[in-house]
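Asks: dropping the sequence and predicted coords here.
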Amino acid sequence: MDLVKSVVYPAEVVALFKFKLGQCDSVTAKSQQADAETDLGTCYVFLDKTSRSFAAVIRKLDPKLRDAVCLFYLVLRALDTVEDDMTIDKDEKIVLLQNFYKYLQQHQWKYEKSQEKDKQVLEQFPVISSEFRKLSTEYQAVISDICQKMGNGMVKYLDRSPDSLDEWDEYCHYVAGLVGLGLSQLFSISGLESAKVGEDSTTSNSMGLFLQKTNIIRDYLEDVQDERHFWPQQVWGKYSSEMLALSEPSRLPDALSCLNELVTNALHHIPDVISYMARLQDQTVFNFCAIPQVMAIATLERCYNNPHVFSGVVKIRKGEAVRLMMEATNMKKLYAIFVYFLHQIKLRIPSEDPCQARTHAIIDKCLSLCQTDNTFSVTSYASTMYASATLLAATVCYNYGTALVDILV
Ligand code: MG
């Protein structure tokens, strides 16, 4: 199915094919797995089960960092599972969130009443915490500190949504910016990156905010259907008296204006993202950081002025994701990807959009920061003849590739 969606995009067919054959091993790997019999091996099994996109890139990190980042991810996944579980009584949840960092030092602590899909990380928390306590004390201090700050931040927004844009930034800081801060400190402690990477909290916070805001913008419909929302009232209140009303077809012009204003807000994090990425020195850290950022700019471009945000799920194609993942390996290529998607948004800015001047201004500013001779494009060959021939050839090769992989492993 992924192949069919990408069939008119030849570069994506190639990317999918390489991915299937394992030729993008420089950015993802399954080979670096700890022995599944050990507690650490069990943690990597949890990682595979709970992370949608990070498991492969975490595995490919330098060995000096890999376990610390894996355990950081699992600890935060456990914390987030508590936050998301609507079956936990509010008072109990507050105690759990505020004290979660202390559980890292309690050998027996676990939580067995969760109903969430990732409840395994809470039920078997002693496996995670015992591996956490084997990390260097410097790594432990960072993870514990971020866990404490995030737990307190989650309590603040437990039963309310961000109202002002300042609160939007604050909420995103708690749930994503802090992850950027913590990871950056781990990078510096490992010695793979300079001290500056861990010290500059402004740019590492922006790395998280850019991703989080993109997800919040994309997930409008899913969130309102779950009777929650994370779009800031300061923006949607200008266009509607109720968040849910934005999904009514008759309100589409206002809904798109609201959407475009939020995308424009998110684009303002790109200059910091560029500064942060340009500072990185280690290839595995670069890939790890770049992949989610290029997925985010591609997703934002897809969401901009797109009515489908209010009626379904807006996603980038699997082939597109794989291609971006394989491309985003150095600064020049990263600039080229940003330039491509920023230009695509710029071409689609409606002349009557209330914040079109701001959108043009931030895009022009970002483009001026992207110095590259490289180009990136999503070329579509939509000719029926070409598509039919490619589909036939690709299906044969793809299935052959799958069979080959099955034989080899
Ligand atoms: Mg959550």
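Replies: Thanks, I have the structure now.

Asks: which positions within stretch 81-101 qualify as buried?
Replies: 81-83, 85, 88, 93-94, 96-97, 100-101 (16 or more other C-beta atoms under 10 Å). The C-beta positions use only the backbone N, C-alpha and C, and glycine is treated the same way.

Asks: repeat that for stretch 111-131.
Replies: Neighbour-count burial for stretch 111-131 flags 111, 114, 116, 118-122, 124-125, 127-129, 131 (criterion: 16+ other C-beta under 10 Å).

Asks: report whether it contacts the ion.
Replies: No. Using C-beta under 5 Å from the ion, we find that stretch 111-131 stays clear of the ion, coming within 9.7 Å at best.

Asks: look at whichever residue of the stretch 251-400 of the chain sits closest to the ion and say how many residues are nearby.
Replies: Using C-beta to the ion, the single residue of the stretch 251-400 of the chain nearest to the ion is residue 292, 16.9 Å away. Number of residues near residue 292 (other C-beta atoms under 10 Å) recorded here: 18.

Asks: measure it to residue 139 for me?
Replies: Residue 292 sits 21 Å away from residue 139, taking C-beta to C-beta, to the nearest Å as the criterion.

Asks: so residue 341 makes contact with residue 297?
Replies: Yes. Taking contacts as C-beta atoms under 8 Å, residue 341 lies within contact range of residue 297: 4.6 Å.

Asks: so between those two, which is more surrounded?
Replies: Higher neighbour count among residue 341 and residue 297: residue 297, with 25 against 22, using other C-beta under 10 Å.

Asks: what about residue 62, neighbour count?
Replies: Counted with other C-beta under 10 Å, residue 62 comes out at 16.

Asks: the one 4 residues further on now?
Replies: Burial of residue 66, expressed as a neighbour count using other C-beta under 10 Å, amounts to 19.

Asks: the buried residues of stretch 81-101: which ones sit near the ion?
Replies: Contacts with the ion within these, counted by C-beta under 5 Å from the ion: residue 83.

Asks: which stretches of the stretch 1-150 of the chain have low pLDDT?
Replies: Within the stretch 1-150 of the chain, the ranges that satisfy pLDDT under 70 run 1-8, 10, 13-36, 52.

Asks: export the buried residues of stretch 81-101 as a markdown table, with columns for secondary structure and distance to residue 228.
Replies: Below are the buried residues of stretch 81-101 laid out as a markdown table (DSSP: H, G, I helix; E, B strand; the rest coil; distance: C-beta to C-beta, whole Å):
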| residue | secondary structure | distance to residue 228 |
| --- | --- | --- |
| 81 | helix | 16 |
| 82 | helix | 16 |
| 83 | helix | 12 |
| 85 | coil | 13 |
| 88 | coil | 15 |
| 93 | helix | 15 |
| 94 | helix | 18 |
| 96 | helix | 19 |
| 97 | helix | 17 |
| 100 | helix | 21 |
| 101 | helix | 25 |
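
Asks: report the buried residues of stretch 188-199.
Replies: Using 16+ other C-beta under 10 Å as the burial criterion, the residues of stretch 188-199 that qualify are 188-190, 192-193, 197-198.

Asks: give me the neighbour count for the closest residue to the ion within the stretch 151-300 of the chain.
Replies: Distances between the stretch 151-300 of the chain and the ion by C-beta to the ion are smallest at residue 175, namely 6.5 Å. Counted by other C-beta under 10 Å, the residues lying close to residue 175 total 22.

Asks: residues contacting it?
Replies: Residue 175 sits next to 80, 150, 153-154, 212 when contact means C-beta atoms under 8 Å, 6 or more residues apart in numbering.

Asks: over to it: give its phi and psi.
Replies: When quoted as degrees, to the nearest 10, the phi and psi of residue 175 stand at phi -90, psi -10.

Asks: to what extent is residue 343 buried, counted in neighbours?
Replies: 14.

Asks: tell me which residues in the one helix or strand it maps to are buried?
Replies: Per DSSP states H and E: residue 343 is located in helix 331-347. Of the residues in helix 331-347, those buried by neighbour count under the rule 16+ other C-beta under 10 Å are 331, 333-342, 344-346.

Asks: which one among those residues gets closest to residue 159?
Replies: Proximity of those to residue 159 (C-beta to C-beta) peaks at residue 345, which lies at 34.8 Å.

Asks: I'd guessed the closest one sits against residue 298; true?
Replies: No. Using C-beta under 8 Å, residue 345 is not in contact with residue 298; the gap is 10.8 Å.

Asks: spit out the contact partners of the closest residue to residue 149 other than its chain neighbours.
Replies: Sequence neighbours aside, residue 178 is the residue nearest to residue 149 in space, at 5.6 Å (criterion: C-beta to C-beta, 6 or more residues apart in numbering). For residue 178, the contact set (C-beta under 8 Å, 6+ apart) comprises 146, 149-150, 153, 205, 208.

Asks: check which helix or strand covers the residue of the stretch 251-400 of the chain closest to the ion.
Replies: Assigned by DSSP H and E, residue 292 belongs to helix 283-303.

Asks: now render the buried residues of stretch 111-131 as JSON lines, adding secondary structure.
Replies: Formatted as JSON lines, these follow (DSSP: H, G, I helix; E, B strand; the rest coil):
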{"residue": "111", "secondary structure": "coil"}
{"residue": "114", "secondary structure": "coil"}
{"residue": "116", "secondary structure": "coil"}
{"residue": "118", "secondary structure": "coil"}
{"residue": "119", "secondary structure": "coil"}
{"residue": "120", "secondary structure": "helix"}
{"residue": "121", "secondary structure": "helix"}
{"residue": "122", "secondary structure": "helix"}
{"residue": "124", "secondary structure": "coil"}
{"residue": "125", "secondary structure": "helix"}
{"residue": "127", "secondary structure": "helix"}
{"residue": "128", "secondary structure": "helix"}
{"residue": "129", "secondary structure": "helix"}
{"residue": "131", "secondary structure": "helix"}
